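Participant: everything below, folded, please.
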Amino acid sequence: MLKRVSLVLVALTLLVIAGCSKAPEVEMQAAQAGLDAAKTAEAQDYAPDAFRMASDTLNAAMAAKQEQDSKFALFRSYGKSKEMFVRAKALADNASTQAAQEKERVKQEVTNLITQAQAAIDSAAAALKKAPKGKGNKAEIELINNDLVGVQASFTEAQNDFNAGKYKVAQAKVQAVIQKADSIINEIAMAAAKKAGK
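Facilitator: Purely as a prediction, here's the structure:
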């Protein structure tokens, strides 16, 4: 009888120990730190899909942990949430890596675009100097000149964004500058053709 009671006590003790599994606090903190690092690496902008996946996995892990927290201590099992926190950390690290690679790629692309934009602005300025001036198109040329001044200001803004490390913002602005400079060159050519046709 004493043997049976001691076996039952041992079994109950093991059940209590197994049921009182420890919450995965270390893994949760590591996953949150990984996601914070991904935010710092601008993963939302440069690797949005990878960042979203890491964030969603972390949120699911938190929900799984909270579900277990709400259970009676003997019935808690944090194995699933622990695995999810580890996975969220790995995904966040991957998002940081992807963001760094994409940011460098965009930086190189914007560097090339800045060179193209400067060439387009220089071409537009040269074409404007050669534009026919006269009564009939003086107002047109003045408007084109104002457009060119605006393009040069936008280009300066884009360069400032680039120098501040805002490569995506600079990319959009530089592309708009190139487009507008090309448009100015076409306007000048049309004004010259109009003047020659008279």
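Participant: from Ala193, how far off is the residue nearest the centre of the chain?
Facilitator: The chain has Asp45 as the residue nearest its centroid, 0.8 Å off, counting by Cα atoms, centre = their mean. Going from Asp45 to Ala193 by Cβ to Cβ, to the nearest Å gives 43 Å. Every residue, glycine included, has its C-beta placed from N, CA and C.
Participant: cool, Ala120 as well?
Facilitator: To Ala193, Ala120 is 20 Å away according to Cβ to Cβ.
Participant: which one's more surrounded, the two?
Facilitator: Per other Cβ atoms under 10 Å, whichever of Ala120 and Ala193 has more neighbours is Ala120, with 22 against 10.
Participant: that one is in what secondary structure piece?
Facilitator: Using DSSP states H and E, Ala120 sits within helix 79-130.
Participant: tell me if Pro132 really is in a strand.
Facilitator: No: according to DSSP: H, G, I helix; E, B strand; the rest coil, Pro132 belongs to no strand; its state is coil.
Participant: any idea how far the residue lying closest to Arg87 once chain neighbours are set aside is from Ala64?
Facilitator: When the adjacent residues along the chain are set aside, Arg87 lies closest to Thr57, with 5.5 Å between them (Cβ to Cβ, 6 or more residues apart in numbering). Going from Thr57 to Ala64 by Cβ to Cβ gives 10 Å.
Participant: any shared contact partners between those two?
Facilitator: Met84 (Cβ atoms under 8 Å, 6 or more residues apart in numbering).
Participant: what is the end-to-end distance of stretch 73-86?
Facilitator: Taking Cα to Cα, to the nearest Å, stretch 73-86 runs 23 Å from one end to the other.
Participant: which parts of that stretch are buried?
Facilitator: Using 16 or more other Cβ atoms under 10 Å as the test for burial, stretch 73-86 gives 76, 78, 81-82, 84-86.
Participant: how far off centre is that stretch?
Facilitator: Relative to the centre of its chain, stretch 73-86 is centred 32 Å away, using Cα atoms, centre = their mean, to the nearest Å.
Participant: pLDDT of that stretch, averaged?
Facilitator: Averaged across stretch 73-86, the pLDDT comes to 85.
Participant: ok, which stretches of the protein are helices?
Facilitator: Assigned by DSSP state H, the helices in the chain fall at 2-19, 25-40, 43-46, 48-69, 79-130, 138-163, 167-197.
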